[in-house]
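The following comprises the amino acid sequence and a computationally predicted model.
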Amino acid sequence: MKGSGADIWTGNDEFQYVYKKFKGNGTFIVRVVSQDGQNSWAKAGIMLRETLDTDSVNVFTLLSKGSGITLQQRPVKGDVTTYAKGDIVTAPYWLKLTRVGDVFTGYSSIDGKAWVQIDVPVTLKMTADAYVGLAVTSHDGGDFNTVVFDNYTTTNKVDTPPVVPPVVPPVVPPVVPPTVSAVLLEKWGTSIDIGNPKTAGSANYTTQDVTVKGSGNDIWGNADQFQYVYKPFKGNGTFIIHILSQDGKDSFAKAGLVIRETLDADSDNVCAFITTGKGLSFQRRLKKGDANISTLGDLVAAPYWLKITRVGNVFTAYSSVDGNAWQQLDAPVTNVMATDIYVGLAVTSRDSNKLNTAVFDKFSISNMVNPQKPSPNIYL
């Protein structure tokens, strides 16, 4: 099978499906012999769908190219897809999906005999008449994922297989980072990963600069994943940073200045960024859990200066090549935020498996807000 498509994910799917109609309870087994997708989230596996609509309710036991076994589910038509991770393995590998009423259970196996249950069974409402089949997506609409399957079986019989309990990794004591002096923490702030990205970020402080390494899916959508070096702040203020460099490979990898109401992944925020390939970006999430919106600015690259001011609930973003002449990024934004906020340096790679390394040598915060006379510009 050859399948392309953006993904089997979020609220709509794009993939190749070899299916048949199936009624009632059942056991569905396949072996993924090989797949050649280039993206780590290219995936192949066995899926039950209620309909052939792109946003259908579904359950999907899959093997991804670089992230191993996953059990995905969309419990409500048009809703977002959720998932549970299994072992990090590669093809060839066996997959199994069972249905008993509205309870669906995923399994994986290296030999098709000893099965490891993937997380806990999933309960969701699906009509008795459904579609079962083999699904392939490349996670890239411009490329194919070519997959070879064998040993595909479907049956109305549901046996309770001897389940091999998941291997519980040994408890490894956390690595305690070198103590950061109070002077450096006062200068730069505290380092934390927001949104629990797969690859942990870090911050390396000196008196001259701070090197921030961040991974994560993005600072975008309804929730964010990134490394944050932040300080608490109260009231109105002016916040300025200077980004010396960043090395993220994705064109929307980004580093910049972020104001957040909380440290939750879906917090409301106001952000000014330099991306690696798309230039300046002025982002904001106006309500907790809402989608981010963005305005792109000039197509520039680091080194560059960024500034945000707050007066009440009005936030204004600026950029500068030299830290003296400032150009306003779009119109000011009204965002109702608490008086007590967090402000800091943010870095994301837009790839949960890779880090974006950014170096900052200026981070200043002040309760003073001076009227700004920006250079003439056109709002984009």
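In hand now; what should we look at?

Might you list the low-confidence residue ranges for the stretch 1-150 of the chain?
Of all residues in the stretch 1-150 of the chain, none has pLDDT under 70.

Surely Ile308 and Gly256 touch.
No: with contacts counted by C-beta atoms under 8 Å, Ile308 stays clear of Gly256, the gap being 9.3 Å. Bear in mind the C-beta positions are built from the backbone N, C-alpha and C, glycine included.

Pull out the buried positions in stretch 203-217.
By neighbour count with 16 or more other C-beta atoms under 10 Å, stretch 203-217 contains the buried residues 203, 205, 209-217.

hmm, I was thinking of stretch 101-114
Within stretch 101-114, the residues that qualify as buried are 104-109, counting by 16+ other C-beta under 10 Å.

rewinding a little: of the buried residues of stretch 203-217, which belong to strands?
Per DSSP state E, strands hold the following members of those: 203, 205, 210-214.

Please identify which of those is nearest to Leu184.
Comparing these against Leu184 with C-beta to C-beta places Tyr205 closest, at 4.2 Å.

So for this protein, the centremost residue is which one?
Central residue of the chain (C-alpha atoms, centre = their mean): Asn217, 2.6 Å from the mean position.

so how many other residues sit close to the closest residue to that one other than its chain neighbours?
Leaving aside its sequence neighbours, Asn217 sits nearest to Gln225 (C-beta to C-beta, 6 or more residues apart in numbering; 4.8 Å). Counted with other C-beta atoms under 10 Å, residues neighbouring Gln225 total 25.

With Thr295 instead?
Other residues near Thr295 come to 16 when the count uses other C-beta under 10 Å.

and the helix or strand harbouring it, what other elements does it pack with?
In the assignment (DSSP states H and E), Thr295 maps to strand 293-296. Where contact means 3 or more C-beta pairs under 8 Å, 6 or more residues apart in numbering; DSSP states H and E, strand 293-296 is packed against strand 280-285.

What residues does the closest residue in space to Ser4 that isn't next to it in sequence make contact with?
Computed as C-beta to C-beta, 6+ apart, the closest residue to Ser4 that is not its neighbour in sequence is Ser138, at 4.7 Å. Residues near Ser138 by C-beta atoms under 8 Å, 6 or more residues apart in numbering: 3-5, 37-39, 42, 144-145.

Out of these, who's the most crowded?
Ala42 (28 neighbours).

Quick check: it vs Thr70, distance?
12 Å (C-beta to C-beta, to the nearest Å).

check contacts around Ile194.
Counting by C-beta under 8 Å, 6+ apart, Ile194 makes contact with 216, 224-228, 263, 265.

Which pLDDT does the model give it?
As predicted, Ile194 sits at a pLDDT of 97.

Give me the phi and psi angles of Asp55.
Torsion angles at Asp55 (phi, psi; degrees, to the nearest 10) stand at phi -110, psi 20.

what helix or strand is the closest residue to it other than its chain neighbours on?
If the residues on either side of it in the chain are set aside, Asp55 comes closest to Gly78, at 4.4 Å by C-beta to C-beta, 6+ apart. Take DSSP H and E as the rule and Gly78 turns out to sit in neither a helix nor a strand.
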